[in-house]
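Chemist: Build me a model from this:
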Amino acid sequence: MRVLLVADKDTEFREQMKKLFSSEKYQVKLAGSVVEVLRNSLKNTAQVLLMGMEFDNVMASDLIPLLKKCNKEMAIILVTDDDSLSLLRKVRGEGIFYHALKPVTQEDKDELKMAVKCAFDKFAQSPAGQVPALQRIESPA
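Modeler: Okay, the predicted model is just below:
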């Protein structure tokens, strides 16, 4: 099952993303706090994280390195209200998968859908996304 975690301080935005991506046959989980995001990251429940720039007074640029230490395979898509170049350079250096502005038009939503699809495809090709082959265990004679 492809699990998408949507983390943002804006409840309305989280619900909009849930509606948008539930129709794409993803299991969508919502997180409104840093604790929820960290819990999901540690449990490896989501392969892709769609997150806002700040919540619980913690900036994404401070949270991303911690999330990457918890789950280095998780693809992080940062969705922001603006495109501050210095901030974007910093978060790109931390290893985000993609950056997008909050969607306004249908074209924006389509771009975000494509980014999420690509992130899931990349995860499926990573070692963490591979399902290990079953091995036959011989009982001692």
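
Chemist: what about residue 4, helix or strand, and which?
Modeler: strand 3-7 (DSSP states H and E).

Chemist: and that strand, which strands flank it?
Modeler: Next to strand 3-7 in the sheet, as set by DSSP bridges, lie strand 27-31 (parallel), strand 48-51 (parallel).

Chemist: Now residue 60, what are its backbone angles?
Modeler: phi -60, psi -40 (degrees, to the nearest 10).

Chemist: Test my guess that it contacts residue 49.
Modeler: No. The criterion here is Cβ atoms under 8 Å, and residue 60 misses it with residue 49 at 10.1 Å. C-beta: built from backbone N, CA, C; applies to glycine.

Chemist: Settle it for me: which of the two has more neighbours?
Modeler: Remark: of residue 60 and residue 49, residue 49 carries more neighbours, 26 against 22, as counted by other Cβ atoms under 10 Å.

Chemist: Quick check: pLDDT value at that one.
Modeler: For residue 49, the pLDDT comes out at 96.

Chemist: For the residue lying closest to residue 8 once chain neighbours are set aside, give its distance to residue 1.
Modeler: Of all residues not flanking residue 8 in the chain, residue 52 sits nearest, at 3.5 Å (Cβ to Cβ, 6 or more residues apart in numbering). Distance from residue 52 to residue 1, counting by Cβ to Cβ, to the nearest Å: 24 Å.
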